[in-house]
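Asker: Sequence first, predicted model second:
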Amino acid sequence: MRILLSPDATGAGVAAAAVIASSLGDRPAPVLGVATGSSPQPLYRALAGRVQAGLDLARATAFALDEYVGLPVDHPESYHSVIAREVIGPLGLDPSRVHVPEGISADPVAAAARYEAAIAAAGGVDLQILGIGANGHIGFNEPGSAPDSRTRVVDLAPRTVADNSRFFDGDTGLVPTRALTQGIGTILEAREIVLIAWGESKADALARAVEGPQTAELPASFLQRHDRVTLVLDAAAASRLSSASLPVDAGR
Ligand code: GLP
């Protein structure tokens, strides 16, 4: 895994946006995988700046990683709403080309299968943006997720419900307990992955993801199987990585 270090979250966002802009090159209609949560927000801000400066993503297709099950689409914290607010608008995407799992479907199992089919029909994801949960989850693939898992309904770990309660007035009782998420196997089929993480709360999961064994107990460790992953980290998120993992110009 390639690791890029920035002093802070804003810098990590700028660095991740540069990686993405360079990877997309002048491809007219890329397929992006987009994440929610606080991790990618500095990246989306930096990408929005590039869009204002001329990067054209109007013909991009995008697939969100996940969505809560049972949360109304128009709830401000549904990932439909978050993607509309933080991604579609700022990046100038065409809403008709942006897909989010149907968490309110009466048949979420069928919705999961439809989502996989839609990704395949689009030709697969060119570049997947990822965050990481403090327990090492990617998307909503919690500890215990298999490396070949596909889009499916999952139960959220208590730690994730607690972590995400900050988006629900701090009330864990308001956080949905199930989600539809792309599987680890689905995510690993993306041609390139850019994971952004910042803050001390991610340091332990990152050290285990990069330097530990590949294990379902730390789902992000399965990223070691992919040959085109860039981790863009701030100093706090990288603080528990051994110096051997860090870029040679990281102040050693
Ligand atoms: C959330 C999302 C993930 C995200 C992760 C980290 O619950 N489902 O896609 O990467 O957990 O969240 P945050 O970036 O807010 O720390």
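Answerer: Arrived safely, thanks for sending. Numbering: from 1, shown residues only.
Asker: what does the stretch 151-252 of the chain put close to the ligand?
Answerer: With CB under 6 Å from any ligand atom as the criterion, the stretch 151-252 of the chain comes near the ligand at residues 160, 164. In short, each C-beta sits where N, CA and C put it, glycine included.
Asker: Please, where are all the strands along the stretch 151-252 of the chain?
Answerer: Assigned by DSSP state E, counting those that start in this stretch, the stretch 151-252 of the chain shows strands spanning 152-155, 178-181, 192-197, 229-234.
Asker: who does the second one pair up with?
Answerer: Read it as strand 178-181. strand 66-68 (antiparallel), strand 152-155 (antiparallel) (DSSP bridges).
Asker: ditto for the third one
Answerer: Using DSSP bridges, the neighbouring strands of strand 192-197 in the sheet come out as strand 127-130 (parallel), strand 229-234 (parallel).
Asker: Same list, those strands, but as a markdown table with mean neighbour count, mean pLDDT and distance to A197 please.
Answerer: Formatted as a markdown table, the strands paired with strand 192-197 follow (neighbours: other CB atoms under 10 Å; pLDDT from 0 to 100; distance: least, CB to CB, whole Å):
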| stretch | mean neighbour count | mean pLDDT | distance to A197 |
| --- | --- | --- | --- |
| strand 127-130 | 25 | 98 | 9 |
| strand 229-234 | 25 | 98 | 5 |
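Asker: Stretch 105-121: which residues count as buried?
Answerer: 105, 108, 111-112, 114-116, 119 (16 or more other CB atoms under 10 Å).
Asker: er, stretch 194-214 actually
Answerer: Judged by neighbour count (16+ other CB under 10 Å), stretch 194-214 contains these buried residues: 194-199, 202-210.
Asker: Which of those residues sits closest to S221?
Answerer: A209 (5.0 Å; CB to CB).
Asker: helices and strands of the chain: which one bottoms out on pLDDT?
Answerer: When the helices and strands of the chain are scored by mean pLDDT, DSSP states H and E, helix 158-164 comes last with a mean of 93.
Asker: Contacts for that helix, please.
Answerer: The contact list for helix 158-164, computed with CB atoms under 8 Å, 6 or more residues apart in numbering, reads 133-135, 137, 140, 142, 156, 172, 175, 177.
Asker: Need the winner for burial among the strands paired with strand 178-181.
Answerer: Among the strands paired with strand 178-181, strand 66-68 has the highest mean neighbour count (mean count of other CB atoms under 10 Å), at a mean of 25.
Asker: Moving C-terminal from it, which element do we reach first?
Answerer: Where DSSP states H and E defines the elements, the next helix or strand beyond strand 66-68 is helix 79-83.
Asker: Need the contact partners of that next one.
Answerer: Residues from elsewhere that reach helix 79-83 (CB under 8 Å, 6+ apart): 34, 36, 62, 64, 66-68, 73-75, 98, 100-101, 103.
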